[in-house]
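Participant: A structural model of the following input is requested.
(chains A and B)
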Amino acid sequence: MYVVLRTMLHRTLPLMLTLALFAAACGSDQFQIDASAAEIFPGECVDGTGDEVTIYSGRKENLIEPVLDAFTCATGVSVQVRWGSSTQLALLIDEEGNHSQADVFLSQSPGPVGFLESKGLLGAIDHDVLRLVSEDNRSSQGSWVGFSGRKRVLVHNIDLVAEAELPTSVFDLTDEKWKGKVAIPGTNGSFMDWFTVFRDQYGTDVATKWLNEMVANDARYYPNNRSIVEAAGRGEIEVGLVNHYYNYQEAIAVGDDHRAKNHDLDDDDIGSLLIITAATVLKSAKNPEGANNLLAYLLTAPVQSYFTNHTLEYPLAAGVEPNVALPPLTALEIGSVNFDALGGGFDETARIIEASGIQNQ
Amino acid sequence: MNQTRAPRELQVIGLVFALAFAFPGLYLIWRNFTSGADPLSLLFTNQTLQPFWRTVRLAMLVSLSAACLGTALAWLTTRTDLPFRKLWRVVLPIPLVFPTFIGAAAFIRTLNPGGLANDLFSSIGVNRTPELRGLLGAWLVLTLFCYPYVYLPVAARLRQLPGSLEQSALVLGDSLPRTFRRVVLPQISGSLSAGTLLVFLYTISDFGAVQLMRYDTLTRAIETNYLARPPTAFALSLILLVFAGLVVAAERSVNRRLPEVKTHRAHEAVEYELSRWKTPAIFLVGGTFAFSFLAPMAALLDWAADGVLRTQRGGRPLTIDTSKVVEAAANTLSASVITGIVALIAVVPIAILVGRYRDRIGRFTHSVVIATFAVPGILIALSLRFWTLRAGFLGDLLQNSMAILIFAYVVRFASLAMGIALVAVTTVSDDLHDVAATLGADRWRRFRSVDLPVMRPGLLAAGGLVVLSTMKELPISLIVAPIGFPTLTTRIFGSFEEAFVAEAGIMALVLVFTSAVLTWFLVLRRVDHL
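Facilitator: Numbers count the residues shown, from 1 in each chain, chains lettered A, B, ... in the order given. Here you go, the predicted model:
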């Protein structure tokens, strides 16, 4: 064992030391922000207050790190983040219960929030923060508040499907004309959220019938939105039910070779639903005040502008207009949907989806 | 075989380890009780049986192909005059480091309609490349990324075996294939079956590749149900774990009937001339390298280059900078190397208990360690949070520490080192031990001067497997790591999930590069000196 240890140490120590030195040289004590964070908060950073907020973030670094840096710079409150998938972090918070380190949980979709709410782990958000967004985009119990939105759309390959051929409603997709041509992210979290709202709006029978007819119409299963957008972009499939976000990212990453575009279904169609990303304060939060301040910061004009201009999502607060590249939202679309139904109805949604057999298509 | 009883302190160590490695299993059983899950009634429903059979079918196919490929590569690179052997030895283990979700994505993007490779095929007139998905896709990707589980232990074993038996067989007129079957195969069978078992267990626990290939296995069913129906997810996970336990037990009972081959220490190498077989051999090794390494690397380079070019043309800037990459690389490197060392320390006593003393406690611990490999990483992560929160003061101390992260990694991956370490232990000749004892060497001294030199190639291969696997680990790195401890894999995951493809590509390239440096340092240079 000794020999093995010594061998490993001798061989790797210099390498590790070099890397450690390199890393140390890159860091420094003064809190500094990069260009994209400075765009949100252009001023001088205030001194640290010693205050700290801990976030479990299902929203990934690339989409929110500059915002958190700007928050620290502007307020002097330092931010600690555990990154992960929204589902896994919700499971972790459930496991940790009252001992969780997290003050704030940021979720990419409503499902994990509904899960935590059903477990009684979410605290009440200050009313001053809640009223920064319209009633449609926050919990009636005050347990969560939306901070950006992603709209359900039909992504389509522009070489395989002519614009005029595209449908106006998800109900058109059960037509013979679309046999074998529609991709569905059947077991993906945001699809399950959408399907739960679908059930809530139209009744379980209608929604289940639609899904079963889609399966009978040879709808094709993909694991998530991103893989559908990729597949549409390279011509593997004709159309797919996804949220609007990924096609923009894919177009930026791949350029002109990406042959897919988003198509908006009718404004009042369930296929045009706006799915919100939500912020919550945990009941067990050790710094609820800092947590509420952070949530309020997410809803300020500069941050909302950042979300719509850099990550191409729909802003929900501070009167910020969606980026011009995004199709306009009509008020009707967001209205009337009861997102609070998501938590409770989830179990049944999973059962219906598995029973439909979509995952084997 | 040594018939003396195992030393008491070694048995105590074995029990402690059994308990430590049983954490995830105990957690799973506890959760099944508290959530009101009913695994037995769930077992015989179509909802379970269909994905279960798909899981088993895929695992058998991948095991078979990875066993054949891994053995062939090991034999060619250790026993023949294959050109560029040194290079092959450095690069052949590396595919292990591709996280399967990235590897599978690279294949899909390049081979399916519109992809780079697909375009190439079209340009030479092959217009109908089959869409890569389902059983075929999952089998291909998992074989290409899992064969090192077999290749590394078998190569380590071959390098250590005396060539004299083989040469005698040949001199006596046996053909080369016959010699391989009658002489070489029995000698490597322990390593081969240990490695194949790992492939099997990895395949049944994999989520990344099967999900992207749209092959509906048990892990997908578990994943979908975590939030929606937690009792179902826990019950399905328990079914998976029990099945893994049965497979491990079966492998043990087969393996115990295999002949043992004792070794004194490494001998001068045998080298066969491939002569007319040289071209096919190069095709096999080069082809494996091309598909399991070059193809995904080309895809990653393509993504990264697109991102860099885009930035230079004034498009959207990359969202990562050098210091973040370096930080993540340093974290990945230090955590995985420490994990490799700790895993060896944990595994060797158990291997000695089982291999030398045939100790019952040792056998029990061994099975617990190996079966744990089939537990999805997220459950190991959650179980550790569960236990530390209930450990009072000790838990507070460990929460958010490197120690708990390393512990979690070791629980996840020590199984990789177990089988190989066991083979290494059983190859140490008893005569040598007896001689050393007669000469008055105490147990520790015998371990250092007799066991260790013989075991070293095996142990280094075992450590290498653990290190490479730890580097790509995702759920534990996300959930158990101290807050503010990004690794390359967590960065790749974060970028890739939100379609920041260039960033994911760059991070993945750094991961591959780092692992290449490590395999060079850790495994191969030392072994070549023997």
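
Participant: tell me which element the closest residue to B:Pro296 other than its chain neighbours falls in.
Facilitator: Closest residue to B:Pro296 apart from its sequence neighbours, by Cβ to Cβ, 6 or more residues apart in numbering or on different chains: B:Ala106 at 4.1 Å. Heads up, the C-betas are built off the backbone N, CA and C, glycines and all. Assessed by DSSP states H and E, B:Ala106 sits inside helix B:100-111.

Participant: so what secondary structure elements neighbour the helix or strand that that helix is followed by?
Facilitator: Downstream of helix B:100-111, the first helix or strand assigned by DSSP H and E is helix B:116-123. Other helices and strands packing on helix B:116-123, by 3 or more Cβ pairs under 8 Å, 6 or more residues apart in numbering or on different chains; DSSP states H and E, are helix B:100-111, helix B:295-312.

Participant: can you lay out those helices as CSV showing mean pLDDT and mean neighbour count?
Facilitator: Converted to CSV, those look like this (pLDDT from 0 to 100; neighbours: other Cβ atoms under 10 Å in any protein chain shown):
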stretch, mean pLDDT, mean neighbour count
helix B:100-111, 83, 25
helix B:295-312, 85, 18
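
Participant: quick one: which of those is nearest A:Ile64?
Facilitator: Between A:Ile64 and those, the shortest gap by Cβ to Cβ is with helix B:295-312, which sits at 19.6 Å.

Participant: for the very next helix or strand once past the closest one, packing partners?
Facilitator: Sequence order places helix B:322-355 as the next helix or strand after helix B:295-312, per DSSP H and E. The contact analysis (3+ Cβ pairs under 8 Å, 6+ apart) places helix B:322-355 against helix A:2-26, helix B:8-34, helix B:360-371, helix B:402-426, helix B:452-472, helix B:488-497, helix B:501-518.

Participant: just the angle for the longest one relative to helix B:402-426, thanks.
Facilitator: I take that to be helix B:8-34. Inter-element angle recorded for helix B:8-34 and helix B:402-426: 120 degrees (by axes from the mean of the first three to the mean of the last three Cα atoms, to 10 degrees).

Participant: so for helix B:8-34, what's the average pLDDT?
Facilitator: When pLDDT is averaged over helix B:8-34, the result is 90.

Participant: likewise for the shortest one?
Facilitator: Averaged over helix B:488-497, pLDDT sits at 90.

Participant: distance to B:Ile476 added to the helices and strands packed on helix B:116-123, as CSV?
Facilitator: Converted to CSV, the helices and strands packed on helix B:116-123 look like this (distance: least, Cβ to Cβ, whole Å):
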stretch, distance to B:Ile476
helix B:100-111, 15
helix B:295-312, 23
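
Participant: relative to A:Phe191, how far out is the closest residue to chain B within the stretch 251-361 of chain A?
Facilitator: Going by Cβ to the nearest Cβ, chain B is nearest to A:Ala350 of the stretch 251-361 of chain A, at 3.5 Å. Distance of A:Ala350 to A:Phe191, computed by Cβ to Cβ, to the nearest Å: 11 Å.

Participant: do B:Leu511 as well
Facilitator: Distance from B:Leu511 to A:Phe191, by Cβ to Cβ: 30 Å.

Participant: I'd assumed B:Glu223 was in contact with A:Leu91.
Facilitator: No - with contact defined as Cβ atoms under 8 Å, A:Leu91 does not reach B:Glu223; the gap is 11.0 Å.

Participant: so for those two, which sits in the more crowded spot?
Facilitator: A:Leu91 (25 against 21; other Cβ atoms under 10 Å in any protein chain shown).

Participant: the residue nearest to A:Glu61 when sequence neighbours are not counted: neighbouring residues, count only.
Facilitator: Of all residues not flanking A:Glu61 in the chain, B:Gly494 sits nearest, at 5.0 Å (Cβ to Cβ, 6+ apart). Here the number of neighbours of B:Gly494 (other Cβ under 10 Å) works out to 27.

Participant: which single residue of the stretch 151-300 of chain A ends up nearest chain B?
Facilitator: A:Arg234 (2.5 Å).

Participant: ok, A:Ala350 and A:Phe191, which is more surrounded?
Facilitator: Comparing A:Ala350 with A:Phe191 by other Cβ under 10 Å, the one with more neighbours is A:Phe191, at 27 against 23.

Participant: isn't the more buried one right next to A:Val197, touching?
Facilitator: No - counting by Cβ under 8 Å, A:Phe191 does not reach A:Val197; the two are 10.9 Å apart.

Participant: quick one, what contacts the residue lying closest to A:Lys286 once chain neighbours are set aside?
Facilitator: Nearest residue to A:Lys286, sequence neighbours excluded (Cβ to Cβ, 6+ apart): A:Asp103, at 6.3 Å. Shown in contact with A:Asp103 (Cβ atoms under 8 Å, 6 or more residues apart in numbering or on different chains): A:Val53, A:Thr54, A:Ile55, A:Val281, A:Leu282, A:Ala285, A:Lys286, A:Asn287, A:Pro288, A:Gly290, A:Ala291.

Participant: B:Thr100 too?
Facilitator: By Cβ under 8 Å, 6+ apart, the residues touching B:Thr100 are B:Val141, B:Leu142, B:Phe145, B:Asp206, B:Gly208, B:Ala209.

Participant: ok, now how distant is it from A:Thr349?
Facilitator: 28 Å.

Participant: where along the stretch 101-250 of chain A do the strands fall?
Facilitator: For the stretch 101-250 of chain A, applying DSSP state E, counting those that start in this stretch gives strands covering A:104-107, A:145-157, A:182-184, A:220-221, A:239-243.

Participant: save these as TSV, and put in mean pLDDT too.
Facilitator: Below are the strands of the stretch 101-250 of chain A laid out as TSV (pLDDT from 0 to 100):
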stretch	mean pLDDT
strand A:104-107	96
strand A:145-157	93
strand A:182-184	96
strand A:220-221	93
strand A:239-243	95
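
Participant: B:Arg181: which of the ones you listed is closest?
Facilitator: B:Arg181 lies closest to strand A:220-221 among the strands of the stretch 101-250 of chain A, at 44.1 Å (Cβ to Cβ).

Participant: show the pLDDT at the residue of the stretch 151-300 of chain A closest to chain B.
Facilitator: 83.

Participant: I'd like to know how many residues surround it.
Facilitator: A:Arg234: 21 neighbours (other Cβ under 10 Å).

Participant: wait, it touches A:Glu250, no?
Facilitator: No - A:Arg234 is beyond contact range of A:Glu250, at 10.0 Å (criterion: Cβ under 8 Å).

Participant: for these two, list the residues in contact with both.
Facilitator: Shared contacts of A:Arg234 and A:Glu250, defined by Cβ under 8 Å, 6+ apart, are found at A:His258.

Participant: three-state assignment of A:Gly79?
Facilitator: To be clear, residue A:79 is Val; Gly isn't right here. Here A:Val79 takes the strand state, with states given by DSSP: H, G, I helix; E, B strand; the rest coil.

Participant: where does the chain dip in pLDDT?
Facilitator: Picking chain A for this. For chain A, residues meeting the criterion pLDDT under 70 lie at A:1-30, A:330-344.

Participant: think we crossed wires, I meant chain B
Facilitator: Along chain B, segments meeting pLDDT under 70 span B:1-3, B:113-116, B:127-130, B:257-270, B:522-530.

Participant: what residue of it is the furthest out?
Facilitator: When distances are taken from the C-alpha mean of chain B, B:Gly314 lies farthest, 41.8 Å away, according to Cα atoms, centre = their mean.

Participant: roughly how far apart are that one and chain A?
Facilitator: Going from B:Gly314 to chain A by Cβ to the nearest Cβ, to the nearest Å gives 13 Å.

Participant: show me the contacts for the closest residue to chain A within the stretch 151-300 of chain B.
Facilitator: Per Cβ to the nearest Cβ, the residue of the stretch 151-300 of chain B with the smallest distance to chain A is B:Ala228, at 3.5 Å. Contact analysis of B:Ala228 by Cβ under 8 Å, 6+ apart lists A:Met192, A:Phe346, A:Asp347, A:Thr349, A:Ala350.
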